[in-house]
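>>> mind looking at a prediction? Sequence and model below.
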Amino acid sequence: MTFFEAPSMLWLLPAAALPVVFHLVSRKMVPMVDFPAVMLLRRAAVIRRGRLRLRHMVLMLLRVLLIAVLIAASARPFVTVAGTGTGPGMPVSLVIVLDDSLSMRRMIRGRRLFDIAVAEAERELSGLTPTDSAALVLAGSPSRTPVSELSFDLKSIRKAVRSAEASFRKTDLTGALEVAGMILERSAPSGRRVILLSDQAVHAWNKPAVPWDEKDNIELYVPSMPLDSDWNNHAVDDVTVRENHDLGPLGISIEAGIANSTQSGGVELMCRLEIGGKNVAQTATEVPSQGLATVVFQHAFEKPGIYEGAVHLPEDSLAEDNVMHFLVSVGRGLNILVINGDPRPGSYHDEAFYLRRALATSRKIKFAVVDQFKAAQMSFDDYDVVFLINAGSFSEALRQSVESFLKRGGGIFISTGENTSPQDPWHRVLPADIRGPVESSGASLPPGLRIAETAGGFFADMKQGRTGFEEVVIAKRFVPLATGQGDFKMLMSYPDGIPALIESESGGGRVMLWTSTIDRDWTDLPIRPGFVPFVQESASRLAGRRALIAHRQITARSPIYIYYPAVAGSLTVHAPGGMRRTFARSDLADSRKINFTDASVPGVYRIWIERMTDGALIELVEEAFVARHPKEEWDLKPEPVAGKYTRASSSLSGVTAGRIPLWPYLLLLFVLLLIAESFAAGAYLYKKKMASM
Amino acid sequence: MEGILGGAHRSSFEGASIEFSSYKDYSPGDDVRYIDWKIFGRTDRIYLKRHMRETSTNCYLVLDCTRSMSYRGRKAVHSKLYYSCLLAAAIAIMLVRQGDAAGLLLFDRRGNSILPPGRRPEHLQAILQKLSGLETEGEKDIETTDSAMCRALGVLTPTAKNRSMIFIFSDLLDPDPRALSTVRLLGVKGHDVTVVRVADPDEASFTFASVCRFTGLEGEGEILAEPSLVRSAYLREFSELSRNWSTACAESRSEFVEINTEEALEIALSRLLEDRRKTE
């Protein structure tokens, strides 16, 4: 069969019609001359016309052929001999492993390395015969299979190869080869072949590099990529932001890890800090060869807020890892109102004693502690969260304030105590009906708190840390729920499964119920290490601000949960580069979170959530997260796969051995046609010259 | 020539004139006034001295006014028709001044226009006026099955009763072969016919350089030709046409003269009259 190495050149074939077009156009452009003796001329022309027309036709045909042959030769046609390399007539089962990781985005002599790999893959596909089958695996982690089964539809595979794009993923060649091996398991043992198109950077391999052995009978072909001899690359490896109070309440320190892949020696790099789209600082740093250096910037903001920043390096062949974005929340705090149902003059006897200490450790939290009577006269508008601790029977005014606060989307944390009574009318805002306090000894309550599997968010993260929750002793009492189930979500439980901390939606807001006291009257939770984060994260969660989420960092392409309140109208994610994705209210499920998987490009993703009540927009909440390029990709030092599996070649000689290029013959034909055309045109001109003499 | 009035032209009839023609043996009844007594004195034989009778003549100037005659090539000063008009006018003036009668027959594909021969200056004025206001036929696509020339000469055949002098000025591009026969008939009838083929230098030499689309002037259509390639064949055809006419004229004792409009008018006229003198 005949194929073309550069089939796009065939689009020029219509240009072969140019002589015909020129002939027709020139016929139209011939001048008109009045001449009386046309009758005589016609008799004379009749004699000549036949020969003249024939000569013209021959000349035109030769010229058409000349152009057509030249174009066909430029498309570099070749003939393949079926089954070359595996024995005559043997079909080939080929899996193309195309590395689409970040490191393949680098520029090599003006061309993207990934584009070179795609061209190579297309070339190899064009060398297959209709009896051969192929599949495609993309080697960016995790491995994906645009063509997951061996297919004879080579056209579709070619299309899949063309539509592949270089991503920001890290490389996983071992995983991709494993997938390729699995695909080939279903093929005939002979003719199994894998073509690996990758830069084979050092970070790409796991151990063992090639996950199959000799009995699998898979031949691995690794065409060499046109890589530069020195893999010059530097990258921003990591950025960490910390508060720096030496610079004032709004000061921060930014530590940037700078990596240098160059092997020939260290380099001095100019690092630039950009905040809010403006350059605010730059410094030079010496980065050792194949090593890392740390650059520390310091910056003080003028006013609180969430700021977007980035650390930049000078451009190199892989431009995408020369910048790393970050988000920083400065001076942005929560306003909390603590309604103390049992204020005491002695400080450690006060119900709010431990809560005050826990809230005061955060600079981002402002709080006020009032009793029930004062609270009844206050407006809750300026507060994000209200802590109701050991509250007794409410006045009607306070009950209305609480319900109105919830309706506007506020969050309420309720802790129980001696004053708590199931008969209080305000208890209808609780996640579940409660009974009166029971003695923990009577309930045979063993020590320890457990975080529920469904808790998610911060509570899920606390499972990993040293919180001391497992040792919490409910020393005296607790408030059991009237029913074990209800329209609530359990966040923490006692060891035997009795709910300890539950959460539910109420009005437009959120309510948490802690079934014990927030001081040490009934439990020793306040003296456990996890108490402070427990209080602070509960407050953040109730406020819906989710300050930690705003600072979440993911690796590009990783999924991320985006949380939204029950009253969300719509949710829009603004990605870097202007891409925008909107989730309508109907798309937002009751789970109050969506799994966002489109963070494919590094940068800052801003999320706008409409909060609505009774169909009216009451607030727009802005959140954000940062997607970063994978750290591992900066080191471009190649580590080619070696061993018995490899038949490395510069042009896949093993596969292309059966190719017979046709274009030299076409060039020869072109020369012959050129000579023939010259003869024909020369004879024509000679005749013309002789006739005019 | 045959005419009612005596004139400057030698007639085929013998008569009173100073121009000697031949001797004839006396026969009873011959006019004794013509006996050459000097010959009788020398030879004792009676001969009658015969003289050519000089007569006046009718001359028809026949002009082809078809569209092809309006052609004026790149080198020519005048169109073929204008050139022919000048020649005809000159001949008409000469004829009338020497007492001959000159008539004018104009033809094109729309029809003929004839001025019978006349000797008076007013008649000459009318001829000149007619010639000066001459135009070629307007429409290119007039369809007629008759040959214009054939039709015109057909009109002339009964009209010219005496033996007349007829000058036909035409480019002879009329494709009808009957035109040749009609001219031959006029010659056979004793008319002194002179066919003057008026040609433009472009027609005679066909010196076009580049490929052209040649369009006929009388609705012959158009033809795309490369002049350098068809020139020789064309010139052969052009000569062939002249040769045909020349042969036909020779057979009917008529004259055939080729005139190129590039030629100076006086030279062409003198050549025309020179040929006439040879014939007489």
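Yes, it's here.
>>> now A:Leu571, nearest residue through space, not along the chain?
Spatial nearest neighbour of A:Leu571, chain neighbours left out: A:Phe583 (4.4 Å); criterion: CB to CB, 6 or more residues apart in numbering or on different chains. Where you see a C-beta, it was placed from the backbone N, CA and C, and this is true even at glycine.
>>> need the strands for the stretch 101-250 of chain B, in chain order.
For the stretch 101-250 of chain B, applying DSSP state E, counting those that start in this stretch gives strands covering B:101-108, B:111-118, B:165-170, B:192-199, B:212-215, B:222-225.
>>> so which bits of the fifth one are buried?
Residues of strand B:212-215 classed as buried: B:Cys212, B:Phe214, B:Thr215 (neighbour count, 16 or more other CB atoms under 10 Å in any protein chain shown).
>>> near chain A, which of those residues show up?
Checking those against chain A by CB under 8 Å from any CB of the partner chain, the ones in range are B:Cys212, B:Phe214, B:Thr215.
>>> just send the strands of the stretch 101-250 of chain B back as a markdown table, with mean pLDDT and distance to A:Leu327 too.
Below are the strands of the stretch 101-250 of chain B laid out as a markdown table (pLDDT from 0 to 100; distance: least, CB to CB, whole Å):
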| stretch | mean pLDDT | distance to A:Leu327 |
| --- | --- | --- |
| strand B:101-108 | 89 | 100 |
| strand B:111-118 | 86 | 104 |
| strand B:165-170 | 90 | 104 |
| strand B:192-199 | 91 | 99 |
| strand B:212-215 | 85 | 78 |
| strand B:222-225 | 82 | 79 |
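>>> tell me which of the ones you listed sits nearest to A:Pro14.
Nearest to A:Pro14, of all these, is strand B:222-225, at 26.9 Å by CB to CB.
>>> where does the stretch 101-250 of chain B come near chain A, residue by residue?
Proximity of the stretch 101-250 of chain B to chain A (CB under 8 Å from any CB) is limited to residues B:171, B:173, B:175, B:200, B:202-203, B:208-218, B:220-234, B:236-238, B:241.
>>> filter the residues you listed down to the buried ones, PyMOL style.
Selection of buried members from these for PyMOL, criterion 16+ other CB under 10 Å:
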select buried, chain B and resi 171+173+200+202+203+208+211+212+214+215+216+217+218+220+222+223+225+226+227+228+229+230+231+233+234+237+238+241
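>>> for the residue nearest to A:Leu571, which residues are in contact?
By CB atoms under 8 Å, 6 or more residues apart in numbering or on different chains, the residues touching A:Phe583 are A:Ser570, A:Leu571, A:Thr572, A:Val573, A:Ile594.
>>> send over the host helix or strand of the third one as PDB, restricted to the C-alpha atoms.
Under DSSP states H and E, the secondary-structure element containing A:Thr572 is strand A:568-574. Only the C-alpha atoms of strand A:568-574 are listed here, as PDB (Å, rounded to 0.1, in the frame of the first residue of the first chain):
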ATOM      1  CA  ALA A 568     -26.800  28.800  46.700                       C
ATOM      2  CA  GLY A 569     -28.300  30.300  43.500                       C
ATOM      3  CA  SER A 570     -25.600  29.400  41.100                       C
ATOM      4  CA  LEU A 571     -21.900  28.700  41.300                       C
ATOM      5  CA  THR A 572     -19.400  29.900  38.700                       C
ATOM      6  CA  VAL A 573     -15.700  28.900  38.500                       C
ATOM      7  CA  HIS A 574     -13.400  31.400  36.800                       C
END
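>>> mind checking what secondary structure A:Ile518 has?
At A:Ile518 the chain is in coil, as set by DSSP: H, G, I helix; E, B strand; the rest coil.
>>> need the contact list for it.
Counting by CB under 8 Å, 6+ apart, A:Ile518 has contacts A:Glu351, A:Ala352, A:Tyr354, A:Leu355, A:Phe387, A:Ile389, A:Asn390, A:Ser415, A:Gly417, A:Pro526.
>>> can you get me the start-to-end distance on stretch A:237-251?
Terminal residues of stretch A:237-251 lie 23 Å apart, using CA to CA, to the nearest Å.
>>> what average pLDDT does that stretch get?
Averaging pLDDT along stretch A:237-251 gives 80.
>>> tell me the bridge partners for the most centrally placed residue in chain B.
Closest to where the C-alpha atoms of chain B average out (CA atoms, centre = their mean) is B:Phe167, at 1.9 Å. Following DSSP bridges, B:Phe167 is listed with bridge partners B:Leu61, B:Thr194.
>>> name the element B:Ala90 belongs to?
Here B:Ala90, judged by DSSP H and E, is contained in helix B:80-97.
>>> may I have that helix exported as CSV, CA atoms only?
Included here for helix B:80-97 are C-alpha records, laid out as CSV according to Å, rounded to 0.1, in the frame of the first residue of the first chain:
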residue,chain,number,x,y,z
LYS,B,80,-10.4,50.4,-48.8
LEU,B,81,-13.7,52.1,-49.7
TYR,B,82,-12.3,55.6,-49.4
TYR,B,83,-9.3,54.6,-51.5
SER,B,84,-11.7,53.1,-54.1
CYS,B,85,-13.8,56.3,-54.0
LEU,B,86,-10.8,58.4,-54.8
LEU,B,87,-9.8,56.2,-57.7
ALA,B,88,-13.4,56.2,-59.0
ALA,B,89,-13.7,59.9,-58.7
ALA,B,90,-10.5,60.5,-60.5
ILE,B,91,-11.6,58.2,-63.4
ALA,B,92,-15.0,59.9,-63.5
ILE,B,93,-13.5,63.3,-63.8
MET,B,94,-11.1,62.2,-66.6
LEU,B,95,-13.9,60.6,-68.5
VAL,B,96,-16.3,63.5,-68.3
ARG,B,97,-13.6,66.0,-69.2
